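Asker: One predicted model, sequence on top.
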Amino acid sequence: MTDPKQLDRDYDHHGDRSGARGTTRGGFPRFVPAKVGPEYGQLLEALRTVQDLAVSTSLPAEVAEAAAGKARELIELLTPHVVAEGRQTAGRVPRLPGRGSLLLMPWIIEKIDADGVRSRGMFRRFHLGGNSAAHGGTLPLLFDDLFGLIQHAYGRPISRTAYLHIDYRKVTPLNTELIVEGAVDRVEGRKTFINARLTDLDGNLLADCEALMVQLLPGQQ
Ligand SMILES: CCCCCCCC(=O)SCCNC(=O)CCNC(=O)[C@H](O)C(C)(C)COP(=O)(O)OP(=O)(O)OC[C@H]1O[C@@H](n2cnc3c(N)ncnc32)[C@H](O)[C@@H]1OP(=O)(O)O
C-alpha cells in the first residue's frame with residue numbers, strides 16, 4: 001500500500017489536540033504490516049470460536065465458574081503485552097480474516113486497488129441478530145471498514161466517514177459465504193463518495209451502501 005504520508009501532507013497533524021498543557025502532537029499511527037507466525041492466526045480463530053460460544057450457550061453454574069477462571073488466566077497472560085495504538089498486531093496482518101482484528105468481520109481481502117476493494121467471508125453465530133440472520137448493526141462495521149480501505153487504495157488523504165447509508169434488501173444469512181465489494185464513485189474537493197454491495201455467491205443483493213468520507217483538515221482528529 002502507498003505510504004499514507006505521501007497522500008496527505010498533514011498526516012502527522014491529524015491527532016493534534018489542545019489540552020491543558022498545550023497542543024499534543026499526535027498524528028495517526030502509521031500502520032505497518034505485522035510479522036506473525038501461524039500461531040497468531042490459530043489464537044484468533046480460537047478466540048472467535050469462544051465469542052461464538054459465549055453468545056450461543058446456556059451454562060450450568062460450575063461451567064460458568066470454571067470458564068471465568070480460565071478467562072482470568074488468559075487476561076493475566078495477555079495483559080503484560082499491551083502496546084500503544086498502531087503497534088498491536090490486530091489489524092496489521094492483511095492475509096488474516098479481519099486483518100487479524102477480532103473487532104472486524106472475519107473476512108479476507110481478495111482484491112484491493114484504486115478500482116475498488118473486494119472481500120469474502122461469513123457472518124458467524126457471534127453476529128446473530130434474530131431468526132438466523134446477521135444483526136443489522138454488523139453490516140455498517142463491514143461496510144465502514146471496507147470504505148477505509150477503498151479510499152486509501154484510491155489514494156485519498158486521511159478521511160473519516162461523515163455518513164453511511166445502508167439499504168437492507170434481503171436478510172443476511174449466517175455461516176454462508178458472501179462477498180462485499182465497493183469503489184469510489186466520485187471525489188468533490190474534500191469529499192469522497194463511495195458505493196458498495198453485499199451479495200451472496202449467486203449474486204443476490206443483500207444490502208447496498210453509500211457513504212461520504214470527508215478529508216480531515218490539519219488538527220482534526
Ligand atoms: C486511518 C484513518 C481512519 C479510517 C476511518 C475509517 C472510517 C471511520 O469509521 S471514521 C469514524 C466515524 N466517523 C467519525 O467519527 C467522523 C466524525 N465527524 C467528524 O469528524 C466531522 O464531522 C467530519 C470530519 C466528518 C466533517 O467535519 P468538517 O471538517 O467540519 O466538515 P464540514 O466543513 O462541515 O463539511 C465538509 C463538506 O462535507 C459535507 N458534509 C459533512 N458532513 C456531512 C454529512 N453528514 N452529510 C452530508 N454532507 C456532509 C459538508 O456539507 C461540506 O460539503 P461542501 O464542501 O460541499 O460544503
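Answerer: Thanks, I have the structure now.

Asker: my read: residue 196 touches residue 206, true?
Answerer: No. Residue 196 lies out of contact with residue 206 (Cβ atoms under 8 Å); the separation is 11.5 Å. Placement of C-beta: from N, CA and C, glycine included.

Asker: When those two are compared, which one has more neighbours?
Answerer: Higher neighbour count among residue 196 and residue 206: residue 196, with 26 against 22, using other Cβ atoms under 10 Å.

Asker: Could you name the specific helix or strand carrying the more buried one?
Answerer: Taking DSSP states H and E as the definition, residue 196 sits inside strand 191-200.

Asker: For that strand, which helices and strands make contact with it?
Answerer: Identification of packing neighbours for strand 191-200 by 3 or more Cβ pairs under 8 Å, 6 or more residues apart in numbering; DSSP states H and E yields helix 138-154, strand 178-188, strand 205-215.

Asker: does the ligand sit close to that strand?
Answerer: Yes. For strand 191-200, a contact with the ligand is found by Cβ under 6 Å from any ligand atom, at residue 191.

Asker: what comes into contact with that strand?
Answerer: Strand 191-200 is contacted from outside by 139, 142-143, 146-147, 150-151, 154, 156, 159, 162, 172-173, 176-187, 205-215, using Cβ atoms under 8 Å, 6 or more residues apart in numbering.

Asker: what pairs with that strand, and is each one parallel or antiparallel?
Answerer: strand 178-188 (antiparallel), strand 205-215 (antiparallel) (DSSP bridges).

Asker: Just the buried ones out of the contacts of strand 191-200, please.
Answerer: 139, 142-143, 146-147, 150-151, 154, 156, 159, 172, 178-184, 187, 206-213, 215 (16 or more other Cβ atoms under 10 Å).
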